[in-house]
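A.B. asks: Show me how the following folds:
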Amino acid sequence: MKYTLRPAANERDFAAELNPEQYDAVTTDARHALVIAGAGSGKTRTLTYRVAHLLGYGIAPWRILLLTFTNKAAREMLERVAQLTGHGSDQIWGGTFHSVANRLLRRHAQRLGYLPGFTILDSDDQKALFRALVKQFSGKTNKNDRFPKPEVLMGLHSLAINTGRSWQDTLTADYAHLERFEDVISNIFAAYRTRKMESNAMDFDDLLTNLVRLLRENEDVRYDLQDRFQHVLVDEYQDTNTLQAELIALLSGGKNTSLMVVGDDAQSIYSWRGANVDHIFDFTRTYPDARVYKIETNYRSVPAILNISNAAIAQNTRQFVKTLRPAREEGKLKPAVVPAPDNRTEARFVAQRIDELMAAGIPGKDIAVLYRAHFHSMDVQMELTRNHIPFRITSGLRFFEQAHIKDIVAWLRLLTNPRDEVAFRRIVSTFPRVGEATAGKLWQGWQAATEAWFAAHPDEERISEPHSEVMKKVSVPAAAKLHWGGFLTSMDSLHPADRELTPTELVKLVQNFMNAYMRATYDNYEERMEDIGQLIKSLSDMPDIDAFLSQVALLSEVDHDTTAADDDCVTLSTIHQAKGLEWKIVFVIFLGEGLFPHYRVITGGDPDDMEEETRLFYVAITRAEDQLYLTYPRYNGHSYDSQYCPPSRFLTTLPEDLFELWSL
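C.D. replies: Numbers count the residues shown, from 1 in each chain. Here you go, the predicted structure:
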């Protein structure tokens, strides 16, 4: 006789709530499982139900370890588990790699020479410590040479740790322009380690390195944790770096421990910060008994967008082959490919189309403009502002609010208005060894000389004589003497006696003046140079520098996200920042060869880099639910400074029947 038990009050019918692919992954009894979850296929749902399934089988919550990349992801999953199971999930070890490492090190840090109650240094604390060490050690370098700022050294230090390389190898590979400072950097890094230990403090990288070291060197602790965690689950496995991958292996190495990693090789786009896609590709080699589960039903996008997505990622030879299948019915519009004559017209199209969509009742929050690099958004920001369309930027500051752009604009402001104290102080503060006090003394001298000149030339609106002559009587503090003369000579070159320079010429000159400072100041120097390059391209149709500065001031004056309700704000974001998000309507802009894919990837010739660019394009288009617009400018820039821009290979390799070509 067969006797059927009724489900308990807190039990759920997982087979009815999950699709067959999800259900197979959730209920697997494999010791090692790799779940390849395609875009929009319910990755979070799968992980959440997996935890609920384990709890339902009687696994104690404190024996489950869930590792994520963001606190938000961990919090969301644990809240869903609580809803599914009907009881709290607070005993589950769920959180980011760093938060879990912190909890474990609180129990065992003494094994590594730390005292109980160690401090965690945040980025501001790190910067303050590096700043003190730079001041201590950089005095041994040539005073005419610009020693790198603390932020640059922090970037070098962290990249080395996250890629598993020595900092010397990282210096040679990624910071070659700083190799002349190698001995001083070595002293700073050694002192940094010492000062942290003396302060009983760890930075965020130390949390992972110290936990790995603890588990390597202390067999009893390692065995205890491996016995504790019977089930280890990892989210976004394709984004793990060398340190994280080793930590996962150490924690899940017990004889009775199961490991499930969930991710999507097609969305691995963070190699520049240490992520290694080989970890997901090599999983079955590392664990020969591993089972692979593919989840390919997409609940996000209409079929036409998925067809584009599948065709785009098919270009990659190194991948877990999968085909996203739609759960939704076909939409009203095919994805559109939109060539524009130039970048300004491209921006006009984006702004006008968004205006039409919002007028038709689509909230701004359901619309996103995505791009490969932040500078691609400059013209769109300007057009949206002109059209009074509110927007928020998730990829950083608005274009003209970025520090390096404000550095450039400060020179132009001072040229047109020598009484501009803010611009003057910003410029002289870029001199080595010049702080607020010295900048104040320089301003007093500059101001006095300026007023004297205007008193002698009451009909003049600007200083027309060489600044080196006007300012020759200014008393210059010793800390600024090395660079004051060069500054005045640079100002002279901005207003030659024979003609007035165009805005484009002025910005190019200022860029040359500021190059050494920016290289030593900004960790992402090359990206910032691209910003300035795009600014130069967009200046060629400006009649004069006054018109440009007026436009910058008006754009900066916009009351950003407070001018409209959240529902009315369009999102502007780099693709890297947009991963994991979705919108009903997505514009992917600047899809020109050399812009996206990036010219450095094209000229570098590394097929792995090009495959990552393809994955980046795939991530962009899979953010769209209902409508997708792929745009590019045939020329980037205006008049004599424009650059021909053929369509991206990501567009030319798409079958023509998958999209509609729009003609402006």
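A.B. asks: Quick check: Leu384 is in a helix.
C.D. replies: Yes - under DSSP: H, G, I helix; E, B strand; the rest coil, Leu384 sits within a helix.
A.B. asks: I'd guessed it sits against Phe391; true?
C.D. replies: Yes - Leu384 lies in contact with Phe391 (Cβ atoms under 8 Å); the separation is 5.1 Å. For every residue, glycine as well, the C-beta is placed using N, CA and C.
A.B. asks: got any residues that touch both of the two?
C.D. replies: Val570 (Cβ atoms under 8 Å, 6 or more residues apart in numbering).
A.B. asks: between these two, which one's more packed in?
C.D. replies: A direct count of neighbours by other Cβ atoms under 10 Å for Leu384 and Phe391 places Phe391 higher, at 26 against 23.
A.B. asks: give me the beta-bridge partners of the more buried one?
C.D. replies: For Phe391, the beta-bridge partners under DSSP bridges are Val570.
A.B. asks: Now do the buried residues in the top helix by length along the chain.
C.D. replies: Longest helix in the chain, counting residues (DSSP state H): helix 436-456. By neighbour count on 16 or more other Cβ atoms under 10 Å, the buried set for helix 436-456 is 438-439, 441-442, 445-446, 449-450, 453-454.
A.B. asks: mind putting these in TSV, distance to Gln136 included?
C.D. replies: Listed next are the buried residues of helix 436-456 as TSV, based on distance: Cβ to Cβ, whole Å:
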residue	distance to Gln136
Thr438	20
Ala439	23
Lys441	25
Leu442	26
Gly445	30
Trp446	31
Ala449	36
Thr450	37
Trp453	42
Phe454	44
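A.B. asks: Greatest separation within these: which pair is it?
C.D. replies: Farthest-apart pair in these is Thr438 and Phe454; separation 24.8 Å (Cβ to Cβ).
A.B. asks: The nearest residue to Gly253 once chain neighbours are set aside - how many residues pack around it?
C.D. replies: Spatial nearest neighbour of Gly253, excluding adjacent residues (Cβ to Cβ, 6 or more residues apart in numbering): Gln226 at 5.5 Å. By the measure other Cβ under 10 Å, the count of residues near Gln226 is 19.
A.B. asks: buried sites along whichever strand or helix holds Gln226?
C.D. replies: Assigning secondary structure by DSSP states H and E places Gln226 in helix 219-228. Buried residues in helix 219-228, counted by 16+ other Cβ under 10 Å: 221-222, 225-226.
A.B. asks: Just put these in TSV and tack on pLDDT and distance to Leu159.
C.D. replies: Output for the buried residues of helix 219-228, formatted as TSV (pLDDT from 0 to 100; distance: Cβ to Cβ, whole Å):
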residue	pLDDT	distance to Leu159
Val221	95	29
Arg222	95	28
Leu225	95	28
Gln226	95	30
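A.B. asks: so which of those comes closest to Gln352?
C.D. replies: Gln352 lies nearest to Leu225 out of these, by Cβ to Cβ, at 58.0 Å.
A.B. asks: Can you name the residues bridging to Val588?
C.D. replies: Assigned bridge partners for Val588, using DSSP bridges, are Leu370, Leu630.
A.B. asks: just checking, it touches Tyr632?
C.D. replies: No - Val588 lies out of contact with Tyr632 (Cβ under 8 Å); the separation is 9.2 Å.
A.B. asks: Let me know the pLDDT of Ile408.
C.D. replies: pLDDT for Ile408: 88.
A.B. asks: any idea how far it lies from Asp420?
C.D. replies: Applying Cβ to Cβ, to the nearest Å, the value for Ile408 to Asp420 is 14 Å.
A.B. asks: Looking at those two, which has the bigger crowd around it?
C.D. replies: Ile408 (22 against 15).
A.B. asks: gap between the residue nearest to Tyr517 when sequence neighbours are not counted and Arg615?
C.D. replies: Counting by Cβ to Cβ, 6+ apart, Tyr517 lies nearest to Thr430, which is 4.8 Å off, once chain neighbours are set aside. Using Cβ to Cβ, one obtains 38 Å as the distance from Thr430 to Arg615.
A.B. asks: So which of the two has more stuff around it?
C.D. replies: Remark: of Thr430 and Arg615, Arg615 carries more neighbours, 25 against 19, as counted by other Cβ under 10 Å.
A.B. asks: Which residues are in contact with that one?
C.D. replies: If you count contacts by Cβ under 8 Å, 6+ apart, Arg615 has them with 265-269, 313, 316.
A.B. asks: could you redo the last one with a cut-off of 7 Å?
C.D. replies: Each residue near Arg615 by Cβ atoms under 7 Å, 6 or more residues apart in numbering is listed here: 266-269.
A.B. asks: Please apply the same query to Glu151.
C.D. replies: 127, 523.
A.B. asks: what about 8 Å?
C.D. replies: Neighbouring residues of Glu151 by Cβ under 8 Å, 6+ apart: 127, 521-523.
A.B. asks: Among those residues, name the buried ones.
C.D. replies: Among the contacts of Glu151, those classed as buried by 16+ other Cβ under 10 Å are 127, 521-523.
A.B. asks: closest to Leu178 among these?
C.D. replies: Asp523 (10.9 Å).
A.B. asks: The closest one falls within a strand, correct?
C.D. replies: No - looking at Asp523 with three-state DSSP, it is coil, so not inside a strand.
A.B. asks: does the residue lying closest to it once chain neighbours are set aside sit in a helix, a strand or a coil?
C.D. replies: Excluding the flanking residues, the one nearest Asp523 by Cβ to Cβ, 6+ apart is Gly155, at 3.7 Å. Of the three states, Gly155 takes helix under three-state DSSP.
A.B. asks: ditto for the one 4 residues further on
C.D. replies: Using three-state DSSP, the three-state assignment for Leu159 comes out as helix.
A.B. asks: So what's the residue count around it?
C.D. replies: Other residues near Leu159 number 22, with proximity taken as other Cβ under 10 Å.
A.B. asks: What distance do you get for it to Asp174?
C.D. replies: 6 Å.
A.B. asks: so where is the stretch 501-650 of the chain shaky, pLDDT-wise?
C.D. replies: Within the stretch 501-650 of the chain, the stretches with pLDDT under 70 are 540-541, 553-565, 637-642.
A.B. asks: Kindly report the same for the stretch 351-500 of the chain.
C.D. replies: 395-397.
A.B. asks: which residues of it fall in helices?
C.D. replies: Taking DSSP state H, counting those that start in this stretch to define them, one finds helices in the stretch 351-500 of the chain at 378-386, 403-416, 421-428, 436-456, 467-470, 481-494.
A.B. asks: quick one: which of these is nearest Lys43?
C.D. replies: That would be helix 378-386 among these, by Cβ to Cβ, at 30.3 Å.
A.B. asks: Just want the angle from the closest one to helix 403-416.
C.D. replies: Inter-element angle recorded for helix 378-386 and helix 403-416: 70 degrees (by axes from the mean of the first three to the mean of the last three Cα atoms, to 10 degrees).
A.B. asks: Mind listing what's buried along helix 378-386?
C.D. replies: 378-385.
A.B. asks: Can I get these in JSON lines including distance to Trp62?
C.D. replies: Shown next, in JSON lines, are those (distance: Cβ to Cβ, whole Å):
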{"residue": "Met378", "distance to Trp62": "51"}
{"residue": "Asp379", "distance to Trp62": "54"}
{"residue": "Val380", "distance to Trp62": "49"}
{"residue": "Gln381", "distance to Trp62": "49"}
{"residue": "Met382", "distance to Trp62": "54"}
{"residue": "Glu383", "distance to Trp62": "54"}
{"residue": "Leu384", "distance to Trp62": "50"}
{"residue": "Thr385", "distance to Trp62": "53"}
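A.B. asks: closest to Ile120 among those?
C.D. replies: Using Cβ to Cβ, Gln381 comes nearest to Ile120 of the buried residues of helix 378-386, at 36.3 Å.
A.B. asks: before we move on, what SS does the closest residue to Ala60 other than its chain neighbours have?
C.D. replies: Excluding the flanking residues, the one nearest Ala60 by Cβ to Cβ, 6+ apart is Gln91, at 7.6 Å. When classified by three-state DSSP, Gln91 comes out as coil.
A.B. asks: circling back to that earlier point, between the helices of the stretch 351-500 of the chain, which one is closest to Val570.
C.D. replies: Val570 sits nearest to helix 378-386 of all the helices of the stretch 351-500 of the chain, at 6.9 Å, using Cβ to Cβ.
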